[in-house]
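[1] Just to be clear, the model below is a prediction. Sequence and coordinates:
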Amino acid sequence: MLIKKNFPFITICIPVFQSEKYLSRCLESVFSQNYQDFEVIVVNDNSNGFDDYGNNFAKIIRSIEKKFHKKIKTIVHEKNKGLLEARRTAVYAAKGKYICILDSDDFLEPNALFSLSKIAEQTNADIIHGKTYLFFEENTNEFSDDKKKLMEIKEKVVNHVFDGILQSNQIFDGFLLSHNHCGFLWAKLIKSEIYIEALSKIPPINCTMNEDFLQYFFISYFAKKYIGFDEKIYNYSLSSGISSRTKITDLEKWEKICSSSSIFVFLLDEIQNENPQNYSLLHSDAVKIECIKGLKNNLLQYKSVVSPEIQKEAYEMLCDYWGEDFVKQIEKSVSEQ
């Protein structure tokens with residue numbers, strides 16, 4: 001007699017790197033859900049941080065397990081591999097039908113999994129997409145003009161959700177060409193089989209920026225049904241992480257930012273050389289536009305957050321990754337605007 005294994009409906013994948021300060025809040029939001037058919041996989045990407053009480057990763061996990069009487073599966077990388085590879089590790093270990101990506105400095109709304117799972121169960125869609133609250137850890141009454149501007153810009157991007165159904169090519173073209181929904185991986189359920197198929201196309205890459213764009217490029221390509229809905233289910237922190245506009249004082253962190261160039265090199269090679277039969281000129285042009293946006297963003301970060309004492313080396317590194325001619329070309333176009 002065959003015994004049917006009871007696999008969870010959802011696997012929540014949480015990568016951790018120097019974000020222990022927020023990890024308890026993140027996990028508490030998961031185990032406080034009004035829906036419980038899920039497992040949690042937390043990948044420690046060689047992180048050695050502490051929370052505000054001096055607890056390291058292992059102590060935080062044990063404390064949450066004890067508080068909620070739940071088991072958390074943890075996987076520890078012996079060396080730092082970057083966000084994409086941490087997510088890959090979690091997805092490959094997942095047993096759920098759907099993947100829910102949750103960054104460790106963010107947290108879920110109490111009804112997030114219930115709302116997402118309800119649509120998934122009713123429609124069997126490959127991607128279910130909800131909306132997001134954005135917040136700073138600091139008191140909102142003390143926002144600087146720069147923070148207000150960042151909030152406004154990010155709000156428009158992250159809450160770009162198509163309210164309804166997209167099918168087959170509509171999903172990929174909607175993401176890449178008409179931009180009717182965003183490619184961030186959080187605030188979504190994604191079928192595990194689709195996510196794994198997407199990852200099979202992506203070689204190991206140590207990057208910390210634009211990795212969502214890279215993964216969702218293939219997820220949206222392979223997906224057959226997308227459903228977006230108008231409910232805020234996710235809380236995204238603008239105060240932490242590599243894109244938070246905090247001061248950059250070391251070249252190691254700056255290199256992680258510059259490494260986003262490798263994503264666009266890979267995607268253009270996929271479109272133009274490896275599998276040109278699968279794409280059109282419009283797809284190629286769209287990735288080129290995103291590539292230019294990526295470099296412009298790097299240049300903005302270089303000018304606004306890189307410390308003066310490392311700016312010379314940082315600029316040379318920027319040129320090494322993106323190509324000196326391309327950097328100077330984009331610099332010129334920005335100055336002429």
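    Arrived safely. What you see is a predicted model, and the numbers here were worked out from it, not measured in a lab.

[2] List phi and psi for residue 38.
    Note on residue 38: its backbone torsions stand at phi -150, psi 160 [degrees, to the nearest 10].

[3] Which residues are in contact with the nearest residue to residue 287 once chain neighbours are set aside?
    Excluding its sequence neighbours, the residue lying closest to residue 287 (C-beta to C-beta, 6 or more residues apart in numbering) is residue 267, at 5.1 Å. C-beta: built from backbone N, CA, C; applies to glycine. Residue 267 makes contact with 214, 217, 287, according to C-beta atoms under 8 Å, 6 or more residues apart in numbering.

[4] Now do the contacts for the last one.
    To tie it back to what came earlier, the one meant is residue 287. Counted by C-beta under 8 Å, 6+ apart, residue 287 has contacts 176, 264, 267-268, 271.

[5] ditto for the second one
    With contacts taken as C-beta under 8 Å, 6+ apart, residue 217 has the following neighbours: 175-176, 183, 198, 267.

[6] What of the first one?
    Under the criterion of C-beta under 8 Å, 6+ apart, the neighbours of residue 214 are 84, 202, 205, 207, 263, 266-267.

[7] Present these as a markdown table; the columns should include pLDDT, distance to residue 134 and secondary structure.
    Formatted as a markdown table, the contacts of residue 214 follow (pLDDT from 0 to 100; distance: C-beta to C-beta, whole Å; DSSP: H, G, I helix; E, B strand; the rest coil):
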| residue | pLDDT | distance to residue 134 | secondary structure |
| --- | --- | --- | --- |
| 84 | 94 | 23 | helix |
| 202 | 96 | 28 | coil |
| 205 | 82 | 27 | coil |
| 207 | 75 | 23 | coil |
| 263 | 93 | 24 | helix |
| 266 | 94 | 29 | helix |
| 267 | 96 | 27 | helix |
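
[8] Quick check: of these, which lies closest to residue 229?
    Distance to residue 229 across those (C-beta to C-beta) is lowest for residue 84, with 27.1 Å.

[9] who's in contact with the helix or strand encompassing residue 41?
    Taking DSSP states H and E as the criterion, residue 41 maps to strand 38-44. Outside of strand 38-44, the residues within contact range by C-beta under 8 Å, 6+ apart are 8-17, 23, 27, 30-31, 57, 61, 70, 72-77, 86-87, 89-90, 93-96, 100, 104, 113.

[10] Just checking: what are the partner strands of the longest strand along the chain?
    The longest strand of the chain (DSSP state E) is strand 225-237. Partners of strand 225-237 in the sheet, by DSSP bridges, are strand 107-108 (antiparallel), strand 127-135 (parallel), strand 164-167 (antiparallel).

[11] Would you mind measuring from the residue nearest to residue 287 to residue 45?
    Distance, residue 267 to residue 45, using C-beta to C-beta, to the nearest Å: 23 Å.

[12] in the chain, which spans are helices?
    Using DSSP state H, the helices of the chain run over residues 20-31, 57-68, 83-93, 112-123, 145-158, 169-176, 192-199, 211-222, 251-258, 261-269, 281-305, 311-322, 324-336.

[13] okay, now residue 18: neighbour count?
    Using other C-beta atoms under 10 Å, residue 18 has 16 neighbouring residues.

[14] tilt between the strand holding residue 41 and helix 112-123?
    120 degrees (axes from the mean of the first three to the mean of the last three C-alpha atoms, to 10 degrees).

[15] quick one: average pLDDT of strand 38-44?
    For strand 38-44, the mean per-residue pLDDT is 98.

[16] And the closest residue to residue 197 other than its chain neighbours, how far from residue 279?
    Excluding its sequence neighbours, the residue lying closest to residue 197 (C-beta to C-beta, 6+ apart) is residue 222, at 5.0 Å. According to C-beta to C-beta, residue 222 stands 14 Å off from residue 279.

[17] again, but for residue 62
    Distance of residue 62 to residue 279, computed by C-beta to C-beta: 48 Å.

[18] Same check on residue 100?
    Taken as C-beta to C-beta, the span from residue 100 to residue 279 is 29 Å.

[19] These two: which is more packed in?
    Shown here are residue 100 and residue 279; by other C-beta under 10 Å, residue 100 has more neighbours (28 against 19).

[20] That one reaches residue 9, doesn't it?
    No: between residue 100 and residue 9 there is no contact under C-beta atoms under 8 Å: 10.1 Å.

[21] List the contacts of the residue nearest the centre of the chain.
    When C-alpha atoms, centre = their mean is applied to the chain, the residue found nearest the centroid is residue 212 (4.5 Å). Each residue near residue 212 by C-beta under 8 Å, 6+ apart is listed here: 183-185.
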